[in-house]
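Student: Pasting the sequence and the predicted coordinates here, then a few questions.
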Amino acid sequence: MCGIVGYVGPSLDSRPMDVAVGGLRRLQYRGYDSAGVALATPAGLHVVKRAGKLEILEAALFEASPPPATAALGHTRWATHGAPTDANAHPHIGGQGRCAIVHNGIIENHAVLRQELADQGVVFASDTDTEVAAHLLAAALEQTGDLTAAMLRTVARLEGAFTLLAVADDVPSTVVGARRSSPLVVGLGDGENFLGSDVAAFIEHTRQALELGEDQVVTMTPQSVKVVDFAGQEVHPRPFTVDWDANAAVKGGFPTFMNKEIHDQPDAIAKTLLGRVDQAGRLQLDELRIDEAVLRRVDKIVVVACGTAAYAGHVAKYAIEHWCRIPTEVELAHEFRYRDPVVDEKTLVVAISQSGETMDTIMAVRHARDQGAKVIAVVNTMGSTIPREADAALYTHAGPEIAVASTKAFLAQITATYLLGLYLAQLRGTLFADEVRAVLAELEAIPDKVGDVIAGEDRIRHLARSMADIGSVLFLGRHVGYPVALEGALKLKELAYIHAEGFAAGELKHGPIALIEPGRVVFVVVPSPRGRDQLHAKVLSNISEINARGARTVVIAEEGDVEVAGVAGEVVYVPQTPTLLAPLVTTPPLQIFACELATAKGLDVDQPRNLAKSVTVE
Ligand code: F6R
């Protein structure tokens, strides 16, 4: 949840602070209730931390004009233990300034350790679980005189999930990091090195990175990076090159990241589709390093994911079952793991995640692999845990998603799962080669269509502003429109703090219709009239039922659907698209609506209250 940055450089100057604060700016989506930096200087450690958003820390740093440094730690917090106050903000200090640490995760045995340390006379300055690690590290430093050895001793005492970064006053050109079940990536610079919760932390400085594994400790100086496991044995992590464009992590003229990322969507889809077809016109998914014989034997697919990513999985289910004739389930990752699911070596588990670090999804992946299932990760963030632990990874190429609520990653996830479905259909022969090519051609046309939808945003924004005082909104959809309705409701809840519910339109008469009353706003995602006849007709009847009770309908419908104009209050038309691919064009109007309504209410759309982008605790 929290964002962590570490830096060590060749000279004594302001660069460590600038890199740390710049990294925090890019990691704010991971937590934003307090922030802090620790600077390592030859004269000792210098810590500045503040409750509130990063701007408050930046103002404090500007006022304090901290000394030049050789290394720095940075932290942006999403509170778990202890309220968001100055004292609870990281870094935490051990040994009266001997060392400083930042932490992401939860130290589960913190209460026992706190008591033990208090009995030894340690006085705590905060309510956090993290501070116990700072004092343990200080004590271990006293005993070993070496920061890496002290970190190894410290992690041996901790239970739970953690990434820890530490600096010590006697080695101002060294940063040590440790990870267990919590993300940490190394950035390799030229005479300088970086650490980050994800590559966004250092992407503007280097694209060369190292993927740290579970239970590893890294020791970084300007010239060296050494990694050992928790037993102290040297290991050699896999290097990789980050293919994100550093400019993708700046607002680029848009007022917010969310606005920018909504506009990035045609590009995110196009990049996710890029380079997937060989010269013979066959779909190739090079990253899918699972034996074809194993994929042919698959008799069940289970998609595991959380939140928006799970809705992408819902869309995938419709497409995969239709194209591949493989029974497909979608399960929230946290429910999957604890219900003793029937999974075996013929089950293919597809784990969808933007961050690649969602703990619930990681645990589902581990559980599935323990049962013998093969796991394919559909992930956006390179170097993250889920693709590393899965049998194969299919990357979405949406670029960094900074706004906390997901937009472009959702459309890229849907696109990637279409590719997976088509690949399996091609492999298992459930679609003819020309059928696969026809769908791929339709997919190629989608970025322009999404561009057209977004070009019509003014109308949706106007509508949203006119509804800034609404109290509760319903979203209805059928077939692939159902997960789109769920996503529309989630976006509105997250961004505008408005009660919203998504329903399968067929469910209306089974209960939700009781909520329909004069003035209620109901969004309806209408299936194409060119698709299954009954679907379109049934949704039109739903709209009439809603109208008859005085509610106000806003429908998302396909261009040329004249019938819908006769029954709906407002119609937002989207380009004609094959039924299964329609979520790619019907979702953006709902994102734009939620974003604009939240803006009209004066809310921060990039960092909605209480949320963190990467949910790294269960
Ligand atoms: C909603 C949203 C969340 C995430 C969910 C999974 O806008 O962003 O619901 O989709 O927390 O996150 P990832 O995809 O990183 O596993």
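Tutor: Done, it's in. Numbers count the residues shown, from 1 in each chain.
Student: Would you mind naming what in the stretch 501-618 of the chain lies close to the ligand?
Tutor: Counting by CB under 6 Å from any ligand atom, the stretch 501-618 of the chain comes close to the ligand at 614-615. Any C-beta I mention is one placed from the backbone N, CA and C, and that applies to glycine too.
Student: Closest approach to the ligand from the stretch 501-618 of the chain, which residue is it?
Tutor: Across the stretch 501-618 of the chain, no residue is closer to the ligand than residue 615, which sits at 5.1 Å (CB to the nearest ligand atom).
Student: nearest residue to that residue other than its sequence neighbours?
Tutor: In this structure, residue 615 finds its nearest non-sequential neighbour in residue 358, 5.3 Å apart by CB to CB, 6 or more residues apart in numbering.
Student: give the contact list for that neighbour.
Tutor: The neighbourhood of residue 358, defined by CB atoms under 8 Å, 6 or more residues apart in numbering, consists of 305-306, 309, 333, 386, 614-616.
Student: now the one residue in the stretch 51-200 of the chain that gets nearest to the ligand: how far from residue 607?
Tutor: When distances are taken as CB to the nearest ligand atom, the stretch 51-200 of the chain reaches nearest to the ligand at residue 198, 10.4 Å away. Taking CB to CB, to the nearest Å as the measure, residue 198 and residue 607 are separated by 17 Å.
Student: Same check on residue 600?
Tutor: Residue 600 sits 17 Å away from residue 607, taking CB to CB as the criterion.
Student: neighbour-wise, which of those two wins?
Tutor: Higher neighbour count among residue 600 and residue 607: residue 607, with 23 against 16, using other CB atoms under 10 Å.
Student: Hmm, residue 29 and the more buried one touching each other?
Tutor: Yes. Using CB atoms under 8 Å, residue 607 is in contact with residue 29, at 7.1 Å.
Student: Next, show the common contact partners of those two.
Tutor: By the contact definition CB under 8 Å, 6+ apart, residue 607 and residue 29 are jointly contacted by residue 404.
Student: got the buried residues for stretch 86-101?
Tutor: Buried residues in stretch 86-101, counting neighbours by 16 or more other CB atoms under 10 Å, are found at 87-95, 98-101.
Student: go on, stretch 353-373?
Tutor: Residues of stretch 353-373 classed as buried under the neighbour-count rule (16+ other CB under 10 Å) are 353-365, 367-369, 373.
Student: Sitting in strands, which of these do you find?
Tutor: Secondary structure assignment (DSSP state E) places residue 353 from the buried residues of stretch 353-373 within strands.
Student: Please see if stretch 417-431 touches the ligand.
Tutor: No. Using CB under 6 Å from any ligand atom, stretch 417-431 never reaches the ligand; the gap is at least 12.9 Å.
Student: tell me how far that stretch is from the chain's mean position?
Tutor: The chain centroid and the centroid of stretch 417-431 are separated by 26 Å under CA atoms, centre = their mean, to the nearest Å.
Student: May I see the contacts of residue 358 organised as a markdown table, with secondary structure added?
Tutor: Supplementary listing: the contacts of residue 358 in a markdown table, determined by DSSP: H, G, I helix; E, B strand; the rest coil:
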| residue | secondary structure |
| --- | --- |
| 305 | strand |
| 306 | coil |
| 309 | helix |
| 333 | helix |
| 386 | helix |
| 614 | coil |
| 615 | coil |
| 616 | coil |
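Student: Chain neighbours aside, what residue packs nearest to the residue in the stretch 251-400 of the chain that the ligand sits nearest to?
Tutor: Among all residues of the stretch 251-400 of the chain, residue 307 sits closest to the ligand, at 1.9 Å; criterion: CB to the nearest ligand atom. For residue 307, the nearest residue in space outside its immediate sequence neighbours is residue 490; the separation is 6.8 Å by CB to CB, 6+ apart.
Student: That neighbour falls within a helix, correct?
Tutor: Yes. When classified by three-state DSSP, residue 490 is found to be part of a helix.
Student: so it makes contact with residue 499?
Tutor: No. Under the contact definition of CB under 8 Å, residue 490 does not touch residue 499, with a separation of 11.9 Å.
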